[in-house]
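Peer 1: Structure for this input, please:
(chains A and B)
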Protein chains: 2
Amino acid sequence: MPNLISSSPPVSGLRPRADESIAARMARSAAAADGAMMRTADFDTWFARRRAAHHFQVDRIPFDRLDDWGFAPQTGNLGHRSGRFFTVEGMHVSLERGQRGEWTQPIIRQPEVGVLGILVKEIDGVLHWLMQAKMEPGNVNLMQLSPTVQATRSNYTRVHRGQAVKYLDYFVRDDRRVLADVLQSEHGAWFLRKCNRNMIVEVVDDVPLEPDFCWLTFGQISELLHRDNLVNMDARTVLACAPVIGDRPADGAVGTAMAVALARSREPGAGALHSDAQLLSWLTAERSRQDVTVRTLPLRDLPGWRHLPSVIEHAGGAGFRVVAVSVRADNREVARWTQPLIEPLGAGTMAFLVREFGGVLHVLVNARVEAGLLDTVELAPTVQHVPGELVAEPPEFLDTVLTAGPDRLLYQAVHSEEGGRFLAAQSRYLLVEADGALASPDEPPGYRWATPAQLSWLAQHGHYLNVQARTLLACLNALPGRA
Amino acid sequence: MPNLISSSPPVSGLRPRADESIAARMARSAAAADGAMMRTADFDTWFARRRAAHHFQVDRIPFDRLDDWGFAPQTGNLGHRSGRFFTVEGMHVSLERGQRGEWTQPIIRQPEVGVLGILVKEIDGVLHWLMQAKMEPGNVNLMQLSPTVQATRSNYTRVHRGQAVKYLDYFVRDDRRVLADVLQSEHGAWFLRKCNRNMIVEVVDDVPLEPDFCWLTFGQISELLHRDNLVNMDARTVLACAPVIGDRPADGAVGTAMAVALARSREPGAGALHSDAQLLSWLTAERSRQDVTVRTLPLRDLPGWRHLPSVIEHAGGAGFRVVAVSVRADNREVARWTQPLIEPLGAGTMAFLVREFGGVLHVLVNARVEAGLLDTVELAPTVQHVPGELVAEPPEFLDTVLTAGPDRLLYQAVHSEEGGRFLAAQSRYLLVEADGALASPDEPPGYRWATPAQLSWLAQHGHYLNVQARTLLACLNALPGRA
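Peer 2: Presented below is the predicted three-dimensional model:
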């Protein structure tokens, strides 16, 4: 089934200027409010047409109506008959050998590494990003804007046997021109040591355009990132791995203090409160002092959890439960399937507190323990809160961000978490200007002020920024600075 | 027991010149063949005196003569009565769900993160490194040259309660001036997800000199790194995390082609065969394609292994066994103790193949699966071989490095692996010029040419260079380049 032949006209583009830095090219794409291939004003019509072109239906079902999925006789773990995809198992977490607390919970184990990739191409001198209108069963609105490719390892390592993932070949061929390629963690509260390969690959050849895909500038995507439940988690995490955005062309307007500080933070050599070495040293110290023991357990008889016909839920009211759904779709590799999903019982709040030091914008990062993370601690938003979630620390600064007046909100939107594994998991993402009480650079234990450029630098490597922090970094990069 | 008060005169030094790069300061220290505090010619006498000043004795004992250590009733795991230090457990490893093979072995689990730290100080305008003459029971010659500090987590998180680790305070105080601070993996064949904090901290205050310690320049340490079994593993891994060494002052001599290529590789912007982004992308791809499943098992009845009174050994002749020793020492925190050790049954061979591309020195790194590594794959030497070791891949290039003539050996020395956990574990470390047959830049699968500067860049982060590759990086940095 060859899929690189299309009836759409191929896109042609200029070769990138060899002497131009990627930061400058990113800045030009960010400054482009309209694209060469689709005007922003036309996006909604196009997206509505893609939605109308397909039929999707998702229904809750009891576990005994799952096809090919079942509870293993010995362990009670929920898995697929093939042994592939993922399993839902039990996990026991102990902090400082139980002294600071311990709990049990179901957890998704998915050892395979997938590819989340965005293809970029210079068109009329501006980098455009190839985005996909894609359905995921867990999304409240089903279809969202996704990366060019979301592929499992089984797909992308067996390319030579023929595969059905569009554009995948651009990401696996040896002469790929890589702007980012890094293994990043996903939700440490619900996944056991899951990571995906986040890739941004530039192409100079002509690229055929498939029906569910569109080329957008970084500026257009930034505009869409302000909408609720539109840019999906996979797209956001890949966008966060983009090379640091250079100085955008000033539009002559004098901005607010925060917009000026944001613009300053994008200048080369913008001063950070803590040097890169100091920031890494602090994170190393935070990791070293943690003593978290994680064991997997059989899902059967997991203490504190009860198995009902349609849900596995916590007797004491943890923040999520395990459910099952049936999915019908006419444009996916398989037209009908069933699967388990994790369903959080409340909407999350994810926020960076933001302020300037020396005229340069900084965000307050938290070195956060998440039991499912491979390296236990990664940098998280200032506030990362899902009601009832089982975590190592109580939420700090939650009231601060929930009660901030509109004049302090640099950004807010509701985004969906991974729609392929989580059902109706939504979080409000916020960038909140810190008030006077937080203006001191004496950070509380576990928190540090860092610049967006430092976060972009860390995002080039794995194990540093958790998936919620990466979403907020993508949102930060979507904000216009004004000198 | 205050230990920062000494009868030795305190060292005084100039403050570092604020406008001088760390690379230039490292280069000056590397070029200093003699130190302000100890002449290299006097080192042997000093070291022999330190050895003579202490009495050490290590004896093999049967397991039932271990004090406070024992086999747990249920699991047969070998642990300390206190629950601290480490345990010896069983591990099952499966490659691609058993398709490429599987095995079981004992493994050391030591969840606590220790500190390996070297204090550096500018004396008479040259950075000096504070090294320690320290005994470890597993070392063939017991005493070796160690970092300023080797401390367990229990030590360094309880500093306020008073502790006996000399100089530790310099590494944990908030205003430390950090040159490196990174969690690095240790032997993935014998440790389960073990990492230690590798620190280099610069001090400008006066520092009292304790009897078992000496200040050496990087040039002096480089000279000592050419000796067999002198610079211990902990020192080598910390040295490898040093900031990249800048151009050393040329001595007028025209060097060999390799020495010229090494000097070139230390110049800013020296060209690498693969860009940093390409190198990371290749490693990400290597990690993504691996499918390694690691489970811990009870040590009792571990398939293929037999428990004798004094050893736990593999019935089929794996490359190591578990033993127990009794230790007497007069200058350690505890004067007598017993403990288990891992004893390899043969000496290892660790080698980088080396060649130049575009006049710049490169080494051939291998993306190697090691079951005990947290992230499964790290960059390893071209050849990493311990006879009988249980590994994912057969050794490649072993004959090439073992049969290389002396004209191709840029470096060779025998070094000890971690003497606190391994008994008489020695490896020959080699830097071998590649011959014509390997001169093609078309690397075999799993291998890539990288510059020493790229390795130093990666060593600033965890999960990239394994402990054997870090030793070889320290050896590379110890070689003089000649322009």
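Peer 1: C-alpha only now, for contacts and for neighbours.
Peer 2: Noted.
Peer 1: got the contact list for residue A:113?
Peer 2: When contacts are counted by Cα atoms under 8 Å, 6 or more residues apart in numbering or on different chains, residue A:113 touches A:152, A:153, A:194, A:195, A:196, A:197, B:288, B:289.
Peer 1: so what's the third one up against?
Peer 2: Just to be clear, that refers to residue A:194. Listed by Cα under 8 Å, 6+ apart, the contact partners of residue A:194 are A:109, A:110, A:111, A:112, A:113, A:185, A:186, A:187, A:188, A:372, A:373, A:374.
Peer 1: if we go to 10 Å?
Peer 2: A:108-114, A:183-188, A:372-374 (Cα atoms under 10 Å, 6 or more residues apart in numbering or on different chains).
Peer 1: and it, how far is that from residue A:397?
Peer 2: 28 Å (Cα to Cα, to the nearest Å).
Peer 1: same thing with residue A:468?
Peer 2: 16 Å.
Peer 1: okay, the two: which has more neighbours?
Peer 2: residue A:468 (25 against 15; other Cα atoms under 10 Å in any protein chain shown).
Peer 1: The more buried one belongs to a helix, doesn't it?
Peer 2: Yes. Counting by DSSP: H, G, I helix; E, B strand; the rest coil, residue A:468 is located in a helix.
Peer 1: Just the pLDDT at it, thanks.
Peer 2: We note a pLDDT of 98 for residue A:468 in this prediction.
Peer 1: can you tell me the residue of the stretch 1-150 of chain A closest to chain B?
Peer 2: residue A:113 (5.7 Å; Cα to the nearest Cα).
Peer 1: how many other residues sit next to the closest residue to chain B within the stretch 101-250 of chain A?
Peer 2: As assessed by Cα to the nearest Cα, chain B sits closest to residue A:181 within the stretch 101-250 of chain A, at 5.0 Å. Close neighbours of residue A:181, defined as other Cα under 10 Å, add up to 30.
Peer 1: Which strand or helix spans it?
Peer 2: strand A:177-185 (DSSP states H and E).
Peer 1: which ones are touching residue A:404?
Peer 2: Neighbours of residue A:404 in contact, by Cα under 10 Å, 6+ apart: A:432, A:433, A:434, A:435.
Peer 1: Which helix or strand lies directly C-terminal to the lowest-mean-pLDDT helix or strand in chain A?
Peer 2: Lowest mean confidence among the helices and strands of chain A (mean pLDDT, DSSP states H and E): helix A:153-156, at a mean of 67. Where DSSP H and E defines the elements, the next helix or strand beyond helix A:153-156 is helix A:169-172.
Peer 1: which secondary structure elements does that next one contact?
Peer 2: strand A:114-123, strand A:149-151, helix A:153-156, strand A:177-185, strand A:195-202 (3 or more Cα pairs under 10 Å, 6 or more residues apart in numbering or on different chains; DSSP states H and E).
Peer 1: got those as CSV, with distance to residue B:131 columns?
Peer 2: Output for the helices and strands packed on helix A:169-172, formatted as CSV (distance: least, Cα to Cα, whole Å):
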stretch, distance to residue B:131
strand A:114-123, 46
strand A:149-151, 51
helix A:153-156, 47
strand A:177-185, 37
strand A:195-202, 40
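Peer 1: Check those for me: which has the lowest mean pLDDT.
Peer 2: Mean pLDDT values for these show the minimum at helix A:153-156, a mean of 67.
Peer 1: so where's the stretch 51-200 of chain A shaky on pLDDT?
Peer 2: A:154-163 (pLDDT under 70).
Peer 1: How about the residues of it by chain B?
Peer 2: A:83, A:97, A:111-115, A:153-154, A:156-157, A:172, A:174-183, A:193, A:195-199 (Cα under 10 Å from any Cα of the partner chain).
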